[in-house]
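1. Okay, structure incoming, though there's no sequence with it:
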C-alpha cells in the first residue's frame, strides 16, 4: 500500500491506521509519501505501523528499490508464517499421538477398560490416600458367568464381542470418577470413589440387572450374558 500523508478526504495517518487494524492487511507493507520533512510526522506514521517513509520528490530507482525491499520482507514473513503454521500442525499431531499412546498404555486393547496394571496401581494409590486423608471407597469385583460357553459355542469372535458389549454397558452406567478395569480374561474390577458398602451394593445390583436384560446381536442370534459380583469397602484404618 502506497499512500500520501496529506489527502483531502482521509489522510495517510487514518488510512494507515485503518489498514493495520484489519487482520487481513496487518502484514501488507505500507509506504507513506510526503513532501513535508517533519520528524513528528515520520514518528507518528511509523508508530501507526507504516513500514517505510519516502520524501517527495523522489528518484524512481530509489522508489522501486524501496518497494522491492518491502515485498521481500513481506515474502519472508509469509514463509515464516507458513513454517510456523506447519510447526503448530506438527505439534498438534504430536500432542494427539501422545494422548493416544498414553491411553494405549493404561487401557485394555479389546474392551477399552483400564488394564490390570493401571487398575491395581490406582487402587494402591487410593488406599494410601485414604490412610492419609481419610474417606471411603468401595470395590466391586465381577466376572461373566459361564463365559467359556460363548467361545465354545459361537467362537472366540463372539466371546470378544460379549466382553466388549458388557464393558460398554458398564462404562455407560458408572460415574466419570469411578475406575473400571479388566484384571483377567472375563474378570473385572470397579472402584467407586467416595462410596460406602451400602451405596456400592446399589450400584452393583443396578449393573447386574442392566447386563442381564440387554442382549448382543451376533450372526442372527441374540446373546445374553449375566455377571456375578462381590464387593467390599475400604475406610481409613481398614
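-> Alright, I've got the coordinates. Note that the structure is a prediction, hence the values are computed from the model and not measured. Numbering: from 1, shown residues only.
2. quick one: residue 231 is in a helix?
-> No: assigned with DSSP: H, G, I helix; E, B strand; the rest coil, residue 231 falls outside any helix and is strand.
3. and the end-to-end length of stretch 168-175?
-> Using C-alpha to C-alpha, to the nearest Å, the end-to-end distance of stretch 168-175 comes out at 13 Å.
4. meant to ask about stretch 144-163, not that
-> 8 Å.
5. What residues sit buried inside that stretch?
-> By 16 or more other C-beta atoms under 10 Å, the buried positions in stretch 144-163 come out as 144, 147, 150, 151, 154, 158, 159, 161, 162, 163. C-beta: built from backbone N, CA, C; applies to glycine.
6. Could you pull up the contacting residues of the fourth one?
-> Residues in contact with residue 151, defined by C-beta atoms under 8 Å, 6 or more residues apart in numbering, are 158, 159.
7. Most remote residue from the middle of this protein, which is it?
-> Of all residues in the chain, residue 57 has its C-alpha farthest from the mean position, at 57.8 Å, by C-alpha atoms, centre = their mean.
8. what's the helix of greatest length in the chain packed up against?
-> For the chain, the helix with the greatest residue count under DSSP state H is helix 60-106. With contacts defined as 3 or more C-beta pairs under 8 Å, 6 or more residues apart in numbering; DSSP states H and E, the packing partners of helix 60-106 are strand 31-34, strand 52-55, helix 116-133.
9. who does the last one touch, helix- and strand-wise?
-> Contact partners of helix 116-133 among helices and strands, from 3+ C-beta pairs under 8 Å, 6+ apart: helix 60-106, strand 136-144, strand 179-182, strand 187-193, strand 227-235.
10. Distance from the chain centre to the longest one, please.
-> Meaning helix 60-106. The chain centre lies 22 Å from the centre of helix 60-106; the measure is C-alpha atoms, centre = their mean, to the nearest Å.
11. Next one: residue 181 from residue 75, what distance?
-> 56 Å (C-beta to C-beta, to the nearest Å).
12. Mind checking which of those two has more residues around it?
-> Between residue 181 and residue 75, counted using other C-beta atoms under 10 Å, residue 181 has the larger neighbour count: 24 against 10.
13. Tell me who's in contact with the nearest residue to the more buried one once chain neighbours are set aside.
-> Once flanking residues are discounted, residue 181 sits nearest to residue 119: 2.9 Å by C-beta to C-beta, 6 or more residues apart in numbering. Applying C-beta under 8 Å, 6+ apart to residue 119 gives the contacts 179, 181, 182, 183, 189, 191.
14. now residue 232
-> 138, 139, 197.
15. In TSV, list those along with neighbour count and pLDDT.
-> Formatted as TSV, those follow (neighbours: other C-beta atoms under 10 Å; pLDDT from 0 to 100):
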residue	neighbour count	pLDDT
138	23	95
139	19	96
197	15	95
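16. will you turn these into TSV that also has distance to residue 69?
-> Formatted as TSV, the contacts of residue 232 follow (distance: C-beta to C-beta, whole Å):
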residue	distance to residue 69
138	73
139	72
197	78
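17. Grab the nearest non-local neighbour of residue 165.
-> residue 216 (4.4 Å).
18. go on, residue 185?
-> Residue 185's closest residue in space is residue 147 (C-beta to C-beta, 6+ apart), at 7.3 Å.
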